[in-house]
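*Asks:* Sequence first, then the predicted structure, then my questions.
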Amino acid sequence: MQKLDKSALEDILNGAAFFGSGGGGSRKMGQDLIDEILQHAETVHLIDVNDVGADQWGAIVAGIGAPNASQDQDSETRTYRLRTSIFKALHGIEQSPIKAFELLEQILGKQFSYTLSGETGTANIFIAMLAAVSKQIPIVDCDGAGRSVPELSMTTYAATGIDVSPCPLVSEKDGDVKSVLYAKTSSDMESLIRPIISTEQFGQQGGIATYAHNGQTMHDKQSVIPGTISRAWRLGSILREARERGGDPVEAALAFFEGSAFELFRGGICDVSEQTQGGFDRGIVTLKNGDREVYVIYQNETLMAWRNDSSQPIAMAPDLICYLTPDGIPLTNADDLKKKQGQELVLIGVKASKELRYGSILAAFQQLLNVMGYYGLYVPIEQLQHCGNS
């Protein structure tokens, strides 16, 4: 078991912002969660997958919806409702993800021994940690994607047949509004959840608990990708150390991935178009460098990047497409990029975990790309980079 203190949590935030592949929530969202966690525990307990007992049960606990819906769009400072609504349970006020987690315990008649993160991102890693310190249990060093993902079906939990039902859904806007949903597949569950969280009572966001299973099932089905939280921790610390010693954080990040990451483009933000609907933030970020432009297309997470002088994408999901400032600060699509026009960004592409590059997870990403207007086949990033450089 490892104990994560403030320094470790802030390194994890930096790594998670990068691995979010443009999604997963904003850096401020993650920092607010860290502050909340540290008000109630000096450390978070992180356990290895191999240390989960066969008869110990746990579940995913997460927020779901459009990250920018948590921002007060009418406020000049765009203050976050998130801190004053979802994350108040430890002050005696209802908290939607934790309430969903507790409701799932009641439905199953189980006392959970650990929490699980559904993805690597600035919000859901720390939501799972907040639930863990609230319940005085550890979080497991793993998740279902090694990155942030737009949909439940794009995780190893779904791909390995862990039952998505029952799935309590609790309103972030009003914690007394809740549903318990049952569906045969993760895609069906997603179809149920998105219209519900789009209602006025939910305000585009909610808290869920799902994919409950025990250690025996986790080990037998290999339902998780191990070590993803500690990987975010290592990357975050590498970026911090590069900044502290005056090194090049971009080079340090590329070296961390040992040949599985590529610098795709460097340019300034020149345009951001976005709309929030159906429980998603959708948009295009345009980066410009001289006559070259790159169009970064996202649905919460970045899904594809095109260069204006190329006949094919330069990267596509499930491979990661990540923002890093030249001085080593990872950003996401929820970091109010509209106010950062002119900010230089380095676009870095990273090979997705092998679990995401075949079968049902790849098919789910392919279907989402089809919906967004891309009907070609998935081409791995290393092949696209080889073609682009040849």
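*Replies:* Cool, got the structure.
*Asks:* right, and the helix or strand after the strand ranked longest in the chain?
*Replies:* Ranked by number of residues, the top strand in the chain under DSSP state E is strand 261-277. Scanning forward in sequence from strand 261-277 by DSSP states H and E, the next helix or strand is strand 280-289.
*Asks:* Please identify the buried residues of that following strand?
*Replies:* 280-283, 285-288 (16 or more other CB atoms under 10 Å). C-beta here means a position set from N, CA and C on the backbone, and glycine is covered the same way.
*Asks:* and the next element down the chain from the biggest helix by length in the chain?
*Replies:* For the chain, the helix that runs over the most residues, judged by DSSP state H, is helix 228-244. Next helix or strand after helix 228-244 toward the C-terminus (DSSP H and E): helix 249-256.
*Asks:* List the buried residues for that next one?
*Replies:* Buried residues in helix 249-256, counted by 16+ other CB under 10 Å: 249-250, 252-254, 256.
*Asks:* with those in mind, which one is nearest to T332?
*Replies:* Of all those, T332 sits closest to A253, with 15.4 Å by CB to CB.
*Asks:* show me the contacts for the closest one.
*Replies:* 18, 235, 238-239, 261, 324, 328, 348 (CB atoms under 8 Å, 6 or more residues apart in numbering).
*Asks:* where exactly do the strands run in the stretch 1-150 of the chain?
*Replies:* Listed in chain order, the strands of the stretch 1-150 of the chain (DSSP state E, counting those that start in this stretch) span 2-4, 44-47, 57-65, 114-116, 139-140, 142-143.
*Asks:* try the stretch 251-390 of the chain
*Replies:* Using DSSP E, counting those that start in this stretch, strands in the stretch 251-390 of the chain cover 261-277, 280-289, 292-299, 301-307, 313-316, 320-324, 330-331, 344-350.
*Asks:* Which among these is found nearest to T115?
*Replies:* Short answer: strand 301-307, nearest of the strands of the stretch 251-390 of the chain by CB to CB, at 21.9 Å.
*Asks:* And for that closest one, what's in contact with it?
*Replies:* By CB under 8 Å, 6+ apart, strand 301-307 touches 20-24, 147-150, 264-265, 292-297, 313-317, 320-322, 333, 347, 349, 365, 368-369, 372, 374.
*Asks:* Just the buried ones from the residues you listed?
*Replies:* By 16+ other CB under 10 Å, the contacts of strand 301-307 give 20-24, 147-150, 264-265, 293-297, 313-317, 320-322, 333, 347, 349, 365, 368-369, 374 as buried.
*Asks:* ok, G15 - contacts?
*Replies:* 120, 231-237, 239, 330.
*Asks:* okay, those in JSON lines with pLDDT and neighbour count next?
*Replies:* Below are the contacts of G15 laid out as JSON lines (pLDDT from 0 to 100; neighbours: other CB atoms under 10 Å):
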{"residue": "T120", "pLDDT": "98", "neighbour count": "32"}
{"residue": "R231", "pLDDT": "98", "neighbour count": "21"}
{"residue": "A232", "pLDDT": "98", "neighbour count": "27"}
{"residue": "W233", "pLDDT": "98", "neighbour count": "24"}
{"residue": "R234", "pLDDT": "98", "neighbour count": "15"}
{"residue": "L235", "pLDDT": "98", "neighbour count": "23"}
{"residue": "G236", "pLDDT": "98", "neighbour count": "25"}
{"residue": "S237", "pLDDT": "98", "neighbour count": "17"}
{"residue": "L239", "pLDDT": "98", "neighbour count": "26"}
{"residue": "P330", "pLDDT": "98", "neighbour count": "26"}
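*Asks:* Reformat those residues as CSV; add distance to H40.
*Replies:* Below are the contacts of G15 laid out as CSV (distance: CB to CB, whole Å):
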residue, distance to H40
T120, 23
R231, 26
A232, 22
W233, 21
R234, 26
L235, 27
G236, 22
S237, 24
L239, 27
P330, 26
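*Asks:* Nearest to G359 among those?
*Replies:* Taking the contacts of G15 together and measuring to G359 by CB to CB, the closest member is T120, at 19.9 Å.
*Asks:* Confidence-wise, which helix or strand of this protein is lowest on average?
*Replies:* helix 381-389 (a mean of 82; mean pLDDT, DSSP states H and E).
*Asks:* quick one: it to strand 320-324, angle?
*Replies:* 70 degrees (axes from the mean of the first three to the mean of the last three CA atoms, to 10 degrees).
*Asks:* Going by contacts, tell me the helices and strands next to helix 381-389.
*Replies:* On a contact count with 3 or more CB pairs under 8 Å, 6 or more residues apart in numbering; DSSP states H and E, helix 381-389 meets strand 261-277, strand 313-316, strand 344-350.
*Asks:* CA-only coordinates of the second one, as CSV, when you get a sec.
*Replies:* Listed in CSV are the C-alpha atoms of strand 313-316, where the atom choice follows Å, rounded to 0.1, in the frame of the first residue of the first chain:
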residue,chain,number,x,y,z
PRO,A,313,-5.8,12.5,-39.9
ILE,A,314,-2.5,12.9,-38.0
ALA,A,315,-4.0,11.0,-35.0
MET,A,316,-7.3,9.4,-34.0
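*Asks:* Let me see the mean pLDDT of that strand.
*Replies:* For strand 313-316, mean pLDDT rounds to 96.
*Asks:* got the contact list for that strand?
*Replies:* Counting by CB under 8 Å, 6+ apart, 262, 264-265, 294, 303-307, 321, 349, 369, 374, 378-379, 381, 384-385, 388 sit against strand 313-316.
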